[in-house]
Every structure is written in C-alpha cells, then in structure tokens.
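Colleague: Generate a structure from the sequence data that follows.
(one chain, ligands or ions: 1)
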Amino acid sequence: MGAVALITTAVVQNKPLPKNMKYGIVLDAGSSHTSVYIYEWPAEKENDTGVVQQIDACKVDGNGISSYAHDPPVAGLSLQKCMDKAREVIPEQQQRETPVYLGATAGMRLLRLNNATLADEVLSSVGSTLRSYPFEFQGARIITGQEEGAYGWITINYLLGNFLENSGWLGRLKQSATFGALDLGGASTQITFVSKKEIESQENSLHFRLYGKSYDVYTHSYLCYGKDQALRRQIAYTIPDANNSTILDPCFNSGYRRNTSTKDLYSSPCIAQQRISTAPSNIEIKGTGNYQLCKQKVEMIFNKTQCTYSQCSFNGIFQPNLEGEFGAFSAYYFVMDFLKLTNEKISLERVKEAVKTHCSRPWEEVLKEFPKIKEKYLSEYCFSGTYILSLLENGFGFNSENWKDISFLGKIKGSDAGWTLGYMLNLTNMIPAELPYSPPLSHGSYIGLMVFFSILLVFIILTCWLSLRKPKCLQKGII
Ligand SMILES: Nc1ccn([C@@H]2O[C@H](COP(=O)(O)OP(=O)(O)OP(=O)(O)O)[C@@H](O)[C@H]2O)c(=O)n1
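Modeller: Prediction:
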C-alpha cells in the first residue's frame, strides 16, 4: 500500500504498474495551461535512496483543457505535440513500461461545478488521445484540492531531501524539518505545512508516514483564489461602478487598456455572488497603476469577519499558526522572479516598495522594457504582485518577522516544484511508509573488513607462536 494512503487514488490505482518501469509521465492539466513532465527513476529502484528526476517538460499550447468546454474533442488533440515529444525522449523499448497519469486541477474543478457532463467529455477526450500512445495509460482524473496541496508538499520535501534526513535515528528524535508548501495556480491556491498544534477541522488534516517517520500535516485549497480567478473577482467588484462601460482599475499600469466581455467574466462560478443583471455586455478596463488602491480592492475578496474556530485565515477557514520554513512555487515564483524579488534577504517592506514602484510605471515603458514577455502575464504583474502580498500577509498571516522563512522556488535539483512529482511518487509507491532496510556497510566494505581482520588474525597468531616458541640454541645452552 502507498505511503500516502489517506489520499484517495481510486481510479488510477486499478491497474498494476509495469515491473521494469524506468520512466513516468505526468500531465498537469491546470486552469491556465497543461504541462507534460517526464521523470526518470534512479538506477537502484528497490532500495531507493536516489532521487526520481525530471528529465524533460513540455508546455501544451493553449489555455488548459478546461478551455475546450465548447469543443471537448479538441482538448485531447491539444496534447499531441507534447506527447509526440515524450515519445522521442523515452527510449522505444521502455515506452510500454512507462506509466502516464493526467491530473486535472482547479480549472476542471470549476468546469465540473458549471457542467459535470462537459467535464467528463473533456476527460474522456484526453483519455482517448493518451491511450493512442504506446505508453501505459493509468487514467485521467480531477484531483482534489487536498491532494494538490499534499502532493505539492511531498514534491518539495522529497526533492529537498527532507524526508530522508528526518528518517535517520537522529532525525526521528528531533522536530520534523520539512518545508511548508505554498502553491498559487490560476484558479486555486494551496497552503500545506506540518503543525504541532491540534488541527481543529478534520477536512484540513492529513497524516503521513514516510520513511519511518510520522507527519501531521495541515492543508487547505482555496478554490477561486488562484491568480486568474482572483483578478476576475477584483474586476467584477468594480462593475457596479462602471460608467459608460469603462472601469478605472488601479491594478493595471497607467496607459494599459483591455476589453472584456461580461458574459465571459461572469461565466466562472467564482463570480456567482457578484453578478449584476444591469452590467454592460462589454467593459473597457483602463489602468491607473496605484498600488495602495489596488491593495484595497484586492483585500475585498478576503472575508476576515467570521470564524467558528479558535483562529482562521479567511472566509472562516481554520488555520493553525504558521510553523517553520515555506517553499512558494508556481505563480508565486513566476511573479516574484519577474519582479526580481526571490532573494530571501529582501525584507517584506522592500518587496512592497518594489511592487508599488512596478505598479506606478507607465504601461508603454513596461512594454518597451519587456517586449518578449507574453502580454497577458506582463500586464498582470502589478495585480499579481499586490495579490501575492495580500494573500500571504492578510490571508495567511505572514509578516515582517517570518517573511524571511519563505523561499520562492522555481526548480529544485532540476525538477519543477509542483504537485506532479508527488502524485507520481505516491501512485508508484516510490515513497515507502517505513525506511527500507539498508545494511550498515556496503558489500564491498564487508569484504574489505573480512580480509583485513583475517590478515590481522594470521599476524597475531604468528606473533604469538613466534614469541612462545623457545629458540633451539637457547634451549641447548640452558641444558
Ligand atoms: N511566466 C508566467 C507563467 C504563468 N503565470 C501565471 O501563473 C498562474 C499559474 O499558472 P500555473 O501554475 O500553470 O497554474 P494552473 O496549473 O494553470 O492553475 P490551477 O492549479 O489553479 O489549475 C497563471 O495565472 C499564469 O497566468 C505568470 O504570471 N507568469
């Protein structure tokens, strides 16, 4: 049984895994795009102390499989380019033994809320494409927010080597040194960390036994609090004020303009409470680039008033005190990397100053300086930086003191930080619940020691024999 048995993996675990697998493929079908990751096993699979490594990754063109809700068969076809690449990367004789998993995240969770039949059609379309490749297709499913949080936590701690470090006798005695995981996607965000305090809400509590050590983990996934859905909500709040269908938005650089259809904006279940029937069908957003005003608008989406537990993050969700160090990845990394704020020595105050400065820059100037960056990303870095600060500070409770505990992580030892590796490690039972037995000495060292002690023994016996034996001449003299 897999070590992470608490996470339900029903659909995927039905098929036995190929015995000689050396590679694994995981497709991350996110809300904004799909990525294909190829992993390679370490040579010593049985007594695994090596690390499964990402050897290639491919980003699928387009906006994620959920965006094909209007035409599900195309969702599968969109994956072909990256799957063709996987066929080139993995040696032909290994392909039949290579498991392929597809996990869809928050974009598909939202589509399922809107229209479960369409979500099924999209999944069956990607399933038939993946089945047409010579790999061992293990299933396509929508993973839960809890799984997304847990697998992200497993991935970063596995890659950082924390589980093995905690598994020795010394590691088992001391407090578990793991990193908490902060994952910001397009449609949801996850926070996951080991908590010494009681976790008051059952749905936020996970227990893992990994390499012989137990971990009590807190996790929560906030649907609709990914970067793209948060932006939609922030815009939707302004629509009632729309005058002549124009919105002045402080979260975009001044001079930036964008047209949005309200039908498209309102199509997300995240905006359900904010829809107004008198909204114009099209709105024009005009940036005014003001960090303080943007922050005020962004904070409207965090409800800090109700809490039925001893303490909450926001929206009445229980969250224990933050503990230990954290690794922040996905959009946290993309945005902070763009703003050059990933250095741990940069204080929270300096981060705020930098976001404020970026927001105040005219759009023309930004565009001129970064002509190669996709306009969608570039235009949103003022909002994204402000949102990240609000989420971490106002939402989760980070402050000037513990800001230094956050590391913004893109790749760890060559593998992308994200949920996919943890997902595959769990489904292939790569992380044992108990520490595999490893003899204290290697075979070579045993033989070396045996030879050494044999020579030593012969030497001792010889010395004793020589010293006890009386020389014949002396014996004669005495007589
Ligand atoms: N260079 C980049 C790349 C991506 N993004 C943004 O990062 C966010 C998250 O992207 P990703 O990690 O791919 O999230 P998804 O998997 O699509 O989201 P989810 O898990 O919520 O489904 C998106 O809003 C995307 O616009 C960005 O700002 N800059």
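Colleague: hey, where'd the helices end up in the stretch 301-450 of the chain?
Modeller: Along the stretch 301-450 of the chain, counting by DSSP state H, counting those that start in this stretch, helices occupy 331-338, 348-360, 363-369, 375-390, 420-427, 443-468.
Colleague: does the third one come close to the ligand?
Modeller: No. Using C-beta under 6 Å from any ligand atom, helix 363-369 stays clear of the ligand, with a minimum separation of 13.9 Å. For every residue, glycine as well, the C-beta is placed using N, CA and C.
Colleague: For that helix, which outside residues touch it?
Modeller: With contact meaning C-beta atoms under 8 Å, 6 or more residues apart in numbering, helix 363-369 is reached by F252, N253, S254, G255, Y256, G287, G289, H358, E375, L378, S379.
Colleague: I'd like to know how many residues surround the residue nearest to the last one when sequence neighbours are not counted.
Modeller: This means S379. In this structure, S379 finds its nearest non-sequential neighbour in Y256, 5.6 Å apart by C-beta to C-beta, 6 or more residues apart in numbering. Using other C-beta atoms under 10 Å, the number of residues around Y256 comes to 23.
Colleague: again, but for L421
Modeller: For L421, using other C-beta under 10 Å, the count is 28.
Colleague: repeat for K376
Modeller: 11.
Colleague: So which of the helices of the stretch 301-450 of the chain is the most surrounded?
Modeller: Mean neighbour count (mean count of other C-beta atoms under 10 Å) peaks for helix 420-427 among these, with a mean of 25.
Colleague: Give the rounded mean pLDDT of it.
Modeller: For helix 420-427, mean pLDDT rounds to 96.
Colleague: helices and strands around it, which ones?
Modeller: Applying 3 or more C-beta pairs under 8 Å, 6 or more residues apart in numbering; DSSP states H and E, one finds that helix 420-427 makes contact with strand 23-29, strand 34-40, strand 99-104, helix 145-159.
Colleague: Tell me if that helix is near the ligand.
Modeller: No. Using C-beta under 6 Å from any ligand atom, helix 420-427 stays clear of the ligand, coming no nearer than 10.0 Å.
Colleague: Off-centre distance for that helix?
Modeller: When C-alpha coordinates are averaged (C-alpha atoms, centre = their mean, to the nearest Å), helix 420-427 and its chain have centres 11 Å apart.
Colleague: just stretch 328-344 next, same as before
Modeller: Per C-alpha atoms, centre = their mean, the centroid offset for stretch 328-344 relative to its chain is 14 Å.
Colleague: Any idea which residue of the protein lies closest to the ligand?
Modeller: G30 (2.0 Å; C-beta to the nearest ligand atom).
Colleague: That residue contacts N63, correct?
Modeller: No. The pair G30 / N63 is not scored as a contact, 9.6 Å apart, by C-beta atoms under 8 Å.
Colleague: Please identify which of these two sits among more neighbours.
Modeller: Taking neighbours as other C-beta under 10 Å, G30 and N63 compare with G30 leading, 28 against 18.
Colleague: who touches the more buried one in this structure?
Modeller: G64, T105, A106, G107, G185, G186, A187.
Colleague: now F408
Modeller: So F408 contacts A328, F329, Y332, Y333, M336, D337, L341, T342 (C-beta under 8 Å, 6+ apart).
Colleague: In these, find the pair that's most separated.
Modeller: F329 and L341 (14.4 Å; C-beta to C-beta).
Colleague: So between the two, which is more surrounded?
Modeller: F329 (25 against 17).
Colleague: pretty sure the more buried one is in contact with I406, am I right?
Modeller: No. Assessed by C-beta under 8 Å, F329 is found out of contact with I406, at 10.8 Å.
Colleague: what residues do those two have in common as contacts?
Modeller: L182.
Colleague: Can you tell me which residues in the stretch 151-300 of the chain are near the ligand?
Modeller: G185, G186, A187, S188, G226, K227, D228.
Colleague: S188 versus the fifth one, what's the distance?
Modeller: The one in question is G226. Look at G226 and S188: by C-beta to C-beta, to the nearest Å, they are 5 Å apart.
Colleague: Tell me which of those two has more neighbours.
Modeller: Taking other C-beta under 10 Å, G226 and S188 do not tie; G226 has more neighbours (30 against 26).
Colleague: In contact with the spatially most central residue of the chain: list those residues for me.
Modeller: With distances taken as C-alpha atoms, centre = their mean, the residue of the chain nearest its centroid is G418 (2.3 Å). Neighbour list for G418: D28, G152, T155, D183, F329, S330 [criterion: C-beta under 8 Å, 6+ apart].
Colleague: Can you check what pLDDT the model gives the closest residue to K356 other than its chain neighbours?
Modeller: Nearest residue to K356 in three dimensions, chain neighbours excluded: Y291, at 3.9 Å (C-beta to C-beta, 6+ apart). pLDDT recorded at Y291 is 98.
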